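J.: Structure of the sequence below:
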Amino acid sequence: MKVSTRGDYACRALLSLALHDETEGPTSVRDIAERTGLPQPYLEQILLALKGAGLVRSKRGVGGGYVLAREPGSISLADIVSAVDGPIVAGDFGEPHQDGACDHEGQCVLLAVWAEAGEHMRRHLEARSLADVASMARGEREWPITG
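T.: You can find the predicted model right below:
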């Protein structure tokens, strides 16, 4: 499974809101774009999708912008990615056949493996909240170990 640029940008935008949650009132798209280095026009589209998913709220006009709609601890990375990219899966291969009803050699076992990989990814992203990642970004928690 590959997290899309859209999914990455959505996570970065909401992480920025979580890191500045002590700020009174909404944060403008311009400010989010400047803090994150994301292109503002694309960020506006992403924030609209996140609003539709109930992850942010917006205020129009002077002093307008976006705020998190829920506490950072109740927003998982899976919530964010699936809001902009759809269901978290390893591929769009369909469901494996059951009881040996496979049409092509090896197809069904591989479909099951891909489904399992997508499920692992989904569970991993569900286990990380926006608050967890904000704590890591602030240096309050250890970063994930890579490699």
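J.: Convert the C-alpha atoms of stretch 60-69 to CSV, please.
T.: C-alpha atoms of stretch 60-69 as CSV (Å, rounded to 0.1, in the frame of the first residue of the first chain):
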residue,chain,number,x,y,z
ARG,A,60,-15.7,31.9,6.4
GLY,A,61,-14.8,35.6,6.2
VAL,A,62,-12.3,37.7,8.0
GLY,A,63,-10.5,35.6,10.7
GLY,A,64,-11.8,32.5,9.0
GLY,A,65,-10.1,29.2,8.4
TYR,A,66,-10.1,25.7,9.7
VAL,A,67,-10.1,24.0,13.1
LEU,A,68,-10.1,20.3,14.0
ALA,A,69,-13.6,19.0,14.5
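J.: Any buried residues in it, and which?
T.: Within stretch 60-69, the residues scored as buried using 16 or more other C-beta atoms under 10 Å are 65-66, 68. C-beta here means a position set from N, CA and C on the backbone, and glycine is covered the same way.
J.: Sort out for me which of these are in strands.
T.: 65-66, 68 (DSSP state E).
J.: pLDDT of stretch 23-37, averaged?
T.: Here stretch 23-37 scores 92 as its mean pLDDT.
J.: circling back: looking at the buried residues of stretch 60-69, spot the one nearest residue 126.
T.: Set against residue 126, the nearest of those by C-beta to C-beta is residue 68 (17.8 Å).
J.: can you give me the helices for this protein?
T.: Secondary structure of the chain by DSSP state H: the helices cover 5-19, 29-36, 40-52, 77-85, 107-126, 130-137.
J.: Mind telling me which of those the model trusts least?
T.: Looking at these, the lowest mean pLDDT belongs to helix 107-126 (a mean of 85).
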